[in-house]
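[1] Turn this into a structure:
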Amino acid sequence: MNFDPTPEQELLKDRITDFCENECAVELKSMLESGSVFPSGLYKKIAANGFFGIPFPAEYGGADGNMMDVMMVTEQMSFYSHDLALIYMVPVVFAGMFLLANGTEEQKATFLPRIIAGELKYAFAMTEPEAGSDPRGMTTYAAKSGDEYTISGTKYWTTGASVADYIIMVTLTSQEKDQARGMTVFIVPSSSEHLEITPIPKLAGNAYPSCQLVLDRVTVPAENIVGGARAINTGLSQLRKTADIERLCIAASCIGTASAILKDCVAFAKSRIQSGKPIIQFQSISHDLADMATNIEAMRWMTYHAAWLRSENRECFKEISMAKLFCSEILNTIVKKGMQIFGGRGYSMEYSMQRYLRESFLSFYAGGTSEIQKNLITRYL
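    Numbers count the residues shown, from 1 in each chain. So this is what the prediction gives:
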């Protein structure tokens with residue numbers, strides 16, 4: 001196994017770094033400080049630099065990239081901003097790669113070029129107030145009426161819905177007792193009548209709002225079924241095709257955020273003077289930094305190994321769940337160490353450590369909770 005980046009990936013990494021440090025520095029600062037206004041200009045810049053198109057075939061305007069490329073972008077963007085990585089992931093993973101894996105040729109030709117160009121924004125709606133980690137507990141139902149479906153129900157934690165043009169919506173379309181056999185995924189315009197979208201205030205990441213959706217007989221044509229009419233009641237198998245991509249990207253985002261925390265902690269420990277010397281010279285501090293660096297290296301190897309297995313089309317569900325579990329848990333250990341290194345300053349809004357702390361908690365839930373990952377891992381033991 002060789003995880004060394006190719007020359008093309010090294011160039012991509014440099015492009016992302018240049019983009020974050022130079023081209024979008026002002027927008028990033030504004031987004032992180034205000035935390036409430038979606039950065040439309042930043043979204044367009046991501047598209048203009050070709051980042052949205054990385055994993056998609058050239059026939060749709062993409063760059064013919066692979067999973068390793070997507071992870072590299074996610075990791076690098078997370079180093080600068082968790083919100084920036086999320087703005088990248090939602091259209092690429094939850095919309096584009098989901099449609100690429102499951103959509104009809106017409107759907108892919110219609111939507112993918114516009115996602116890549118940054119002309120359309122998407123959200124993905126699966127979670128409900130009483131159905132989170134287990135999608136089989138959902139109640140949102142799409143009833144057939146001629147050539148249309150009427151959707152009613154409530155969705156929760158739908159990131160980006162209030163700024164999206166379309167929402168990828170997971171519903172039930174069968175009255176079978178085993179709901180896993182009756183899920184169908186629709187493309188729902190956010191401008192649909194009888195669709196109410198309400199942002200949910202969060203601990204962090206409010207520039208890209210998560211929302212509650214209330215659907216009261218929202219009508220969509222049958223042609224909006226992802227995969228077409230033949231894909232009716234196959235939603236669960238469609239979800240499984242991209243669930244591992246989400247988990248890999250969450251793991252990669254944890255690496256990026258953890259690396260930013262370590263960088264800030266090393267710089268602070270070198271400049272903070274206590275008892276006449278920089279605190280990095282205290283063994284307890286230096287050991288904490290060494291633990292951080294070691295854990296980040298372990299996070300990276302575990303995640304990239306899982307991504308390599310997937311790129312080789314080898315069985316890797318267990319390894320991906322392990323990477324997501326390990327990276328999210330370790331990130332939150334690292335950020336707590338960072339808060340301790342910064343001392344009282346870590347509690348101040350003047351420093352970034354408090355933001356890292358707030359942002360890091362999302363990794364516990366995104367892509368499935370730690371408990372869900374442990375359940376999945378245990379099945380393979």
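[2] need the helices for the protein, in chain order.
    Taking DSSP state H to define them, one finds helices in the chain at 7-18, 25-34, 40-48, 67-80, 82-89, 98-102, 105-116, 235-271, 283-311, 317-342, 353-360, 370-378.
[3] averaging pLDDT over each of these, which comes out lowest?
    For the helices of the chain, mean pLDDT drops lowest on helix 25-34, to a mean of 73.
[4] May I have the residues that are in contact with A222?
    144, 147-149, 229 (Cβ atoms under 8 Å, 6 or more residues apart in numbering). In short, each C-beta sits where N, CA and C put it, glycine included.
[5] Include mean neighbour count and distance to S162 when you put the helices of the chain into JSON lines, please.
    As requested, those are exported to JSON lines (neighbours: other Cβ atoms under 10 Å; distance: least, Cβ to Cβ, whole Å):
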{"stretch": "helix 7-18", "mean neighbour count": "14", "distance to S162": "27"}
{"stretch": "helix 25-34", "mean neighbour count": "15", "distance to S162": "16"}
{"stretch": "helix 40-48", "mean neighbour count": "16", "distance to S162": "13"}
{"stretch": "helix 67-80", "mean neighbour count": "24", "distance to S162": "22"}
{"stretch": "helix 82-89", "mean neighbour count": "25", "distance to S162": "14"}
{"stretch": "helix 98-102", "mean neighbour count": "21", "distance to S162": "20"}
{"stretch": "helix 105-116", "mean neighbour count": "18", "distance to S162": "18"}
{"stretch": "helix 235-271", "mean neighbour count": "22", "distance to S162": "21"}
{"stretch": "helix 283-311", "mean neighbour count": "17", "distance to S162": "31"}
{"stretch": "helix 317-342", "mean neighbour count": "22", "distance to S162": "26"}
{"stretch": "helix 353-360", "mean neighbour count": "21", "distance to S162": "20"}
{"stretch": "helix 370-378", "mean neighbour count": "15", "distance to S162": "27"}
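[6] How about Y80: what's its closest non-neighbour residue?
    Among residues not flanking Y80 along the chain, C20 sits closest, at 4.2 Å (Cβ to Cβ, 6 or more residues apart in numbering).
[7] list the contacts for the one you found?
    Per Cβ under 8 Å, 6+ apart, neighbours of C20: 28, 76-77, 79-81, 84.
[8] Can you name the two of these that sit furthest apart?
    L28 and Q76 (12.9 Å; Cβ to Cβ).
[9] on that earlier part again, filter the contacts of A222 down to just the buried residues.
    Among these, those classed as buried by 16 or more other Cβ atoms under 10 Å are Y149.
[10] show me what contacts K121?
    Per Cβ under 8 Å, 6+ apart, neighbours of K121: 43, 91, 160, 163-166.
[11] now swap in P278 and tell me
    269-272.
[12] Okay, and the beta partners of it?
    The bridge-partner assignment for P278, based on DSSP bridges, gives I273.
[13] I'd like to know how far it sits from M353.
    18 Å (Cβ to Cβ, to the nearest Å).
[14] what about E106, distance to M97?
    18 Å.
[15] next one: A258
    Using Cβ to Cβ, we find A258 at a distance of 24 Å from M97.
[16] and the gap between the closest residue to C249 other than its chain neighbours and D288?
    In this structure, C249 finds its nearest non-sequential neighbour in T74, 4.8 Å apart by Cβ to Cβ, 6+ apart. Counting by Cβ to Cβ, the gap from T74 to D288 is 26 Å.
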